[in-house]
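> Sharing a sequence plus its predicted fold:
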Amino acid sequence: MKTKMFSAIITITALLIVGEGASALQSETKRLRTKDIYKTKDISTASKAISSAGRQNISGGQRKESSYDPIAEEPYDPYLGLIPRDVQKSTHRQETAHRELQGPMSMMSLSMSMPSAEDMPTQSIYEIASGNEAFSTLTAVIDTVGSAETLSNPDLTLTVFAPPNSAFDALPNGTVARLLEPEWIHHLDDVLHKHVLFGGKVMSTDLTDGMTAQAVNGDTLTINLNPPRVDETALILVDDGLVDIEASNGVIHAISEVLLPTSATSNIVDIAVANPDLSTLVAAVQAAGLVDALSGDGPITVFAPTNAALANLPDGLLDELLADPTKLTEILTYHVVNGNAHSSNLVDGPVETLNGETVDVETFGGVMINDANVVTADILASNGIIHVIDKVLIPPGNATETAAPVIAPTSEPTFSPSSPPTFTVEGGKNTTAPTPSPQKDTTPNPVFSTPDDEEIGFTEPTESSG
C-alpha cells in the first residue's frame, strides 16, 4: 500500500512540472471518436487505446482528473465521456500497473512520438498516384473516366487498392488499350471503382482474415491474411513498402494485380447462363446456333427477354420457334444492336438491330424498347451490355398474335456520343436516363456505415477463410 501511495505522489509531482498534456489527450480522444473505438467488439483494443490516451495526458500540464470510480455505477471521464464499465475497468488496471512498474517518466516519453501538424499528409490520393511513375497507367485510367477531381476531394475519405504499372502489364495483350477507348468508358469506370472503398481510411492494421467490404462499383472485396491479399490473389505489397500510403483524403495500398469485375471477365452468354431468369433465352440462343456470335469480341448490346416474357408468347409458339432455327434467329437478332448502348447514352428514336429492322427507344418515364420495359439496365459484360426486358420483341412483318403494330421509321439509328461518367461514391452507376432497375443496388451504402453493435468498415467473417 505504501508503494502505491509513493508511486501516486511521484505521478502527481510529474504532472505539476510538465505542461500541455491535456491537449494531447484531447487530440487522441478526437481520433478515437472518429474511429468509434468504443463500438469495437475487441475490448482489449479499446482498452489499449484509452490507456494510451491517459498516458499521453501524463506527459505534462494540469491533468483534469477523471471522475472514474471502479465501483461507481456510471463511470465517466471529462474528456472521453461515458465509458463502458468493462472497458474502463480494464483501462484502470492497465494504467495502475504501468505507473507502478515504469513510472511517469516512461509515459512521458510515449507522448513525444505523437505526429505534429507538419507530419500530416498534404497530398491527395490523386496527387500521390499521378506524381509516381509506377502508377502512370492507373493515373491514365483515372483521367479517362474523369475521377481526378473526386480522388482529390478533401471532403471525402477513401481507401484505394492501387495496381502499379506491372499489374496492368500482366493483363492480356490489348486489354488496357481497349478499355481506354471511348466505346468502353463505362467498363473502365467499373474496373477503376472496384479498387475504391468510400467512407473511411482502412489501414493495414485494421485488416483481419476474411473481412469483406463493398467497393464503389458495388462488388464485394474479401481480405485474407498470411499473406495479406485482396480477392485471394492480389497481394498487398507490404514487402515493397507500398502499404499505408497516407493521403489528405484517405490511404493507398498497392496490390500486385488488377481487380477485375464481371464486366471484364464474363461475356454476354456467360452472364445470361449464370442468370436463372434468362434460362429460356439461353436455350433459344443455343437452338439458333448463336452462342459463338454472342460470345465474340463485340461490342454489342442485347435486349434480353426474361423467362416470363417468353412464357407469355401464344401457346405453342415458343416450341415452334425452337424447332425452326431460321425463324428463331430472325427474332433473336432483332434483340441485338451493335455497340455499347449504355442507358446514359440512349436517346429517343429508332435503332437498327442485327436483324436489319429497327427498334424504337423511348426514355420518358423509364426506358422502353418498342412496347417492352427495361426492367434491369446496364449489365456490363466483357463484350457489351445487357438490358433485361419484360416482353419479346417481334420484328415488323413477322406477325404473331402478340406482335404490337410497329411503324417503320425513316431516320437513321441515333445514339448520343459517349461521355465520361462522373465518380459516384455511394456504390451506384452513373445513369442519366430515367432509371429502370439497375444492374447493381444503387441504394447509398457507404462501407463504413454499420449498426452500432458492429465494427466500422469491413464485415467480420463468421469463420476464418484462410
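Good, I have the coordinates.

> Next, the buried residues of stretch 201-218.
If you call a residue buried by 16 or more other C-beta atoms under 10 Å, then stretch 201-218 has these buried ones: 201-202, 206-207, 209-211, 213-218. All C-beta spots, glycine's among them, are computed from the backbone N, C-alpha and C.

> Lowest mean pLDDT among the helices and strands, pick that one out for this structure.
helix 43-57 (a mean of 36; mean pLDDT, DSSP states H and E).

> Return the member of the buried residues of stretch 201-218 nearest to Leu237.
Of all these, the one with the least separation from Leu237 (C-beta to C-beta) is Leu207, at 13.9 Å.

> Not counting sequence-adjacent ones, nearest residue to that closest one?
Nearest residue to Leu207, sequence neighbours excluded (C-beta to C-beta, 6 or more residues apart in numbering): Ile223, at 5.1 Å.

> Make sure the one you found is indeed in a strand.
Yes - judged by DSSP: H, G, I helix; E, B strand; the rest coil, Ile223 forms part of a strand.

> And the strands in the stretch 51-200 of the chain?
Using DSSP state E, counting those that start in this stretch, the strands of the stretch 51-200 of the chain run over 76-77, 81-82, 158-162, 196-198.

> Now do the contacts for Ile369.
With contact set as C-beta atoms under 8 Å, 6 or more residues apart in numbering, Ile369 has these partners: Phe303, Val359, Asp360, Val361, His387, Ile389, Leu393.

> Farthest pair within those?
Spanning the widest gap among those are Asp360 and His387, at 14.3 Å by C-beta to C-beta.

> re earlier: return the member of the contacts of Ile369 nearest to Arg229.
Among the contacts of Ile369, His387 lies closest to Arg229 (C-beta to C-beta), at 35.1 Å.

> where does Tyr334 land in three-state SS?
Per three-state DSSP, Tyr334 ends up helix.

> tally of neighbours for it?
Neighbours of Tyr334 under the rule other C-beta atoms under 10 Å: 23.

> Assess the claim that it and Leu393 are in contact.
Yes - if you go by C-beta atoms under 8 Å, Tyr334 and Leu393 touch, sitting 5.3 Å apart.

> moving C-terminal of the top strand by length along the chain, what's the next helix or strand?
When the chain is parsed with DSSP state E, its longest strand is strand 372-381. Downstream of strand 372-381, the next assigned helix or strand under DSSP states H and E is strand 384-389.

> Now that next one - C-alpha only, PDB.
Only the C-alpha atoms of strand 384-389 are listed here, as PDB (Å, rounded to 0.1, in the frame of the first residue of the first chain):
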ATOM      1  CA  GLY A 384     -21.000  -5.500 -74.400                       C
ATOM      2  CA  ILE A 385     -24.100  -4.700 -72.400                       C
ATOM      3  CA  ILE A 386     -27.300  -6.500 -71.500                       C
ATOM      4  CA  HIS A 387     -30.700  -4.800 -70.800                       C
ATOM      5  CA  VAL A 388     -33.300  -7.200 -69.400                       C
ATOM      6  CA  ILE A 389     -36.800  -6.600 -70.800                       C
END
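
> can you list the weak-confidence ranges in the stretch 1-150 of the chain?
Applying pLDDT under 70 to the stretch 1-150 of the chain picks out residues 1-119.

> and for stretch 240-247, what are the contacting residues?
By C-beta under 8 Å, 6+ apart, the residues outside stretch 240-247 that reach it are 121, 123-125, 127-128, 162, 164, 201, 203-204, 228, 236-237, 251-254.

> Buried residues, that stretch. List them.
Of the residues in stretch 240-247, Leu242, Val243, Ile245, Glu246, Ala247 count as buried by neighbour count, 16+ other C-beta under 10 Å.

> hmm, which of the contacts of stretch 240-247 are the buried ones?
Applying 16+ other C-beta under 10 Å to those flags 123-125, 127-128, 162, 164, 201, 228, 236-237, 251-254 as buried.

> Now do the end-to-end distance for stretch 366-382.
Terminal residues of stretch 366-382 are spaced 26 Å apart (C-alpha to C-alpha, to the nearest Å).

> And it, what's buried?
367-382.

> With stretch 295-312 instead?
295, 298-307, 309-310.

> what would these look like in JSON lines with distance to Trp184, secondary structure and pLDDT?
JSON lines is the format used below for these (distance: C-beta to C-beta, whole Å; DSSP: H, G, I helix; E, B strand; the rest coil; pLDDT from 0 to 100):
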{"residue": "Ser295", "distance to Trp184": "17", "secondary structure": "helix", "pLDDT": "96"}
{"residue": "Gly298", "distance to Trp184": "10", "secondary structure": "coil", "pLDDT": "92"}
{"residue": "Pro299", "distance to Trp184": "7", "secondary structure": "coil", "pLDDT": "96"}
{"residue": "Ile300", "distance to Trp184": "13", "secondary structure": "strand", "pLDDT": "97"}
{"residue": "Thr301", "distance to Trp184": "13", "secondary structure": "strand", "pLDDT": "97"}
{"residue": "Val302", "distance to Trp184": "17", "secondary structure": "strand", "pLDDT": "98"}
{"residue": "Phe303", "distance to Trp184": "20", "secondary structure": "strand", "pLDDT": "98"}
{"residue": "Ala304", "distance to Trp184": "20", "secondary structure": "strand", "pLDDT": "98"}
{"residue": "Pro305", "distance to Trp184": "26", "secondary structure": "strand", "pLDDT": "98"}
{"residue": "Thr306", "distance to Trp184": "27", "secondary structure": "coil", "pLDDT": "97"}
{"residue": "Asn307", "distance to Trp184": "30", "secondary structure": "helix", "pLDDT": "97"}
{"residue": "Ala309", "distance to Trp184": "29", "secondary structure": "helix", "pLDDT": "96"}
{"residue": "Leu310", "distance to Trp184": "30", "secondary structure": "helix", "pLDDT": "96"}
